[in-house]
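In: prediction below, plus the sequence it came from.
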Amino acid sequence: MTALHFQSAAALARSIRDGDLTARAALEHFLDRIDRLNGPINAVIHQDRDGARARADAADAARTAGADLGPLHGVPMTVKESYQVRGTPTTFGIPLFRDNVTDRDALAVQRLAAAGANIFGKTNVPIRLADFQSYNEIYGTTNNPWDHSRTPGGSSGGSAAALAAGLTGLEIGSDIGGSIRNPAHFCGVFGHKPTYGLCPTRGHSLDDSVAPSDISVIGPLARSAEDLETALTLMAGPDDIDLPGLAIDLPRLTGPVSDLRIGLWMSDPFCPTSLAVADRIQAVADALGRAGARVDERARPAFDPAHSHHVYSSLLQAAMSSRLPDVVFEKRLEVAERPGSDNDPNAIVARAETMRHRTWGQLHEARTRLRWAWKAFFDEVDFLIIPVMPVTAFPHEHGAEGSRKVQIDGQAHPYYCQTFWAGLTSVAHLPSTVIPAGTASDGLPVGLQIVGPAWSDLRTIGLAQRLEGMGFGFTPPPALAP
């Protein structure tokens with residue numbers, strides 16, 4: 001039998017509804033586990049124990065009275081630090097905002113709580129949510145539960161680490177450059193990057209901003225594909241400003257796997273995939289082939305991947321610049337305008353961060369053409385399987401960002417080339433579901449992305465559920481099992 005702390009949120013909710021487990025007992029189990037195990041992992045960085053106990057007792061009283069609070073009735077969960085939760089710090093890991101305590105709940109938090117979730121804590125992030133690692137001066141470094149010398153990923157690194165270590169029942173993160181997907185891959189859990197705009201982001205901010213950021217989305221991380229569907233369904237749907245005229249009706253995956261046409265994009269010269277990661281992706285593709293799916297290793301959308309990455313990277317820097325303090329932005333403007341810096345990598349990034357709206361509009365046109373190319377591709381293919389990252393979780397590297405490298409099969413590559421696989425779908429607003437694909441030869445977990453056309457979120461999650469049934473599911477880190 002699966003230990004309580006490694007069960008899915010759906011299983012926990014069923015046990016509470018059936019009376020086999022109380023919400024209070026479930027909460028105390030996770031709190032006890034945090035007391036014993038969180039220290040060296042440092043995933044959960046804030047807790048509201050008194051409030052959570054009161055909510056758990058209320059959930060149990062409601063059940064005794066015959067009331068059902070929803071699909072997550074009494075399930076203890078944490079959320080990424082960047083979500084506003086009333087009475088808790090929301091800092092994005094930025095020391096300047098150390099004392100920034102919010103007085104409201106993000107819309108996603110409201111929706112999950114209304115469905116019965118008991119949000120008892122928050123999990124760690126990198127500064128400005130802008131790294132494949134999760135460390136900052138406020139909360140310190142989060143370590144990977146599989147190997148404490150390695151990163152859990154970022155920026156939702158605390159989220160994935162907490163799930164993998166069995167410190168929480170469910171999590172939600174955010175993603176602009178793989179920030180849900182690479183932690184899911186590094187820690188061996190499920191994650192979903194939704195179609196852009198599917199889940200309103202109001203309240204995922206440092207301040208009272210209400211405008212959504214370009215590219216950025218919010219979505220769930222979990223120990224099962226079923227939990228992804230449950231959480232996504234709760235988080236999705238228009239905000240009040242759009243509610244009078246908009247509704248969602250997402251298609252689901254029906255029919256056998258043998259009906260599916262699946263593309264496989266294993267590696268690319270821009271960011272080659274390590275043999276260890278490729279081996280696990282191939283194992284999933286082979287399993288789909290044995291189930292009768294038509295797997296095509298040559299299927300590609302009709303665009304230049306390097307061009308797509310340029311468009312993505314430029315729009316990414318423009319979007320991320322809104323998180324820069326004014327004084328930092330002014331300095332970046334000076335770098336961008338420095339004479340003779342045309343080929344300086346730092347100046348190229350600075351020019352993207354400070355671009356004129358006319359330039360942004362040209363990039364947006366290029367992005368929209370990429371979206372149409374993807375549309376034509378998915379008219380012929382149901383899904384595309386691609387890597388999340390080129391390597392398994394790498395050792396902590398907190399040196400200057402400009403000097404960092406990633407080692408791919410013994411060859412040094414630029415650190416941020418790793419955004420390539422995330423950027424393919426981010427720039428085009430596509431949904432992407434990450435599933436655990438097993439462990440690599442180094443003993444670390446590997447994930448892969450299941451990509452589909454816009455608004456096919458429940459279909460990509462549906463294929464994840466099929467693959468989970470074939471054995472590609474969550475496995476606890478050996479040191480923490482059972």
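Out: Looks like it came in fine.

In: for the rest of this, base every contact and every neighbour count on C-alpha atoms.
Out: Fine.

In: so who does R367 touch?
Out: When contacts are counted by C-alpha atoms under 8 Å, 6 or more residues apart in numbering, R367 touches 308, 311-312, 427-428.

In: report how many residues lie close to A65.
Out: 9 (other C-alpha atoms under 10 Å).

In: distance of it from R17?
Out: 12 Å (C-alpha to C-alpha, to the nearest Å).

In: what two of the contacts of R367 are the furthest from one another?
Out: V311 and A428 (10.1 Å; C-alpha to C-alpha).

In: still on that earlier bit, from the contacts of R367, pick the one nearest T88.
Out: V427 (32.0 Å).

In: surely that closest one meets I215?
Out: Yes - between V427 and I215 there is a contact under C-alpha atoms under 8 Å: 6.4 Å.

In: what segments of the chain are helices?
Out: Per DSSP state H, the chain carries helices over the ranges 9-18, 23-41, 49-64, 107-114, 157-164, 181-187, 225-235, 275-290, 305-320, 326-336, 345-353, 357-378, 420-426, 457-469.

In: what's the third one in contact with?
Out: With contacts defined as C-alpha under 8 Å, 6+ apart, helix 49-64 is touched by 17, 22-24, 27, 68-69, 73-74, 116, 118-120.

In: most surrounded residue in the residues you listed?
Out: Most surrounded of the contacts of helix 49-64: other C-alpha under 10 Å gives G74, at 37 neighbours.

In: what does the pLDDT read for S213?
Out: pLDDT, the model's per-residue confidence, is 96 for S213.

In: meant to ask about R14, not that
Out: The model's pLDDT for R14 equals 97.

In: what sits against it?
Out: Counting by C-alpha under 8 Å, 6+ apart, R14 has no contacts.

In: and it, how far is that from R33?
Out: For R14, the distance to R33 - C-alpha to C-alpha - is 21 Å.

In: could you list the low-pLDDT ranges of the stretch 251-400 of the chain?
Out: Along the stretch 251-400 of the chain, no part satisfies pLDDT under 70.

In: again, 90 this time
Out: 322-326, 328, 340-345 (pLDDT under 90).

In: ok, the stretch 51-200 of the chain next?
Out: 68-69.

In: which residues touch the most centrally placed residue in the chain?
Out: Nearest to the mean C-alpha position of the chain, counting by C-alpha atoms, centre = their mean, stands I180 at 1.1 Å. Taking C-alpha under 8 Å, 6+ apart, we find I180 in contact with 154-156, 173-174, 191-193, 219-221.

In: any chance of a markdown table for those residues, columns neighbour count?
Out: A markdown table is the format used below for the contacts of I180 (neighbours: other C-alpha atoms under 10 Å):
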| residue | neighbour count |
| --- | --- |
| G154 | 33 |
| S155 | 35 |
| S156 | 36 |
| G173 | 32 |
| S174 | 27 |
| G191 | 34 |
| H192 | 32 |
| K193 | 34 |
| G219 | 25 |
| P220 | 25 |
| L221 | 31 |
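
In: out of the residues you listed, who's nearest E397?
Out: Nearest to E397 among the contacts of I180, with distances taken as C-alpha to C-alpha, is G154, at 12.6 Å.

In: wait, that closest one sits on A130?
Out: Yes - G154 is in contact with A130 according to C-alpha under 8 Å; the separation is 7.4 Å.

In: rewinding a little: so for V427 and I215, which residue has more residues nearby?
Out: Using other C-alpha under 10 Å as the criterion, V427 and I215 rank with V427 on top: 27 against 22.

In: now do the more buried one, the pLDDT please.
Out: Reading off the model, V427 has pLDDT 98.

In: quick one: it and W372, what's the gap?
Out: Distance from V427 to W372, by C-alpha to C-alpha: 12 Å.

In: give me the neighbour count for G471.
Out: 14.

In: pLDDT score assigned to it?
Out: G471 is given a pLDDT of 98.

In: which residues touch it?
Out: Shown in contact with G471 (C-alpha under 8 Å, 6+ apart): no residues.

In: partners of G140 in the sheet?
Out: N136 (DSSP bridges).

In: likewise the one 10 residues further on?
Out: Per DSSP bridges, the residues bridged to R150 are P395.

In: circling back to that earlier point, could the contacts of R367 go into CSV alongside distance to A352?
Out: Formatted as CSV, the contacts of R367 follow (distance: C-alpha to C-alpha, whole Å):
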residue, distance to A352
S308, 15
V311, 10
Y312, 11
V427, 15
A428, 18
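
In: can I get the buried part of the residues you listed as one PyMOL selection?
Out: Buried residues within the contacts of R367, by 16 or more other C-alpha atoms under 10 Å, are selected in PyMOL with:
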select buried, resi 308+311+312+427+428
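
In: let me know the closest of the contacts of R367 to S205.
Out: V427 (20.8 Å).
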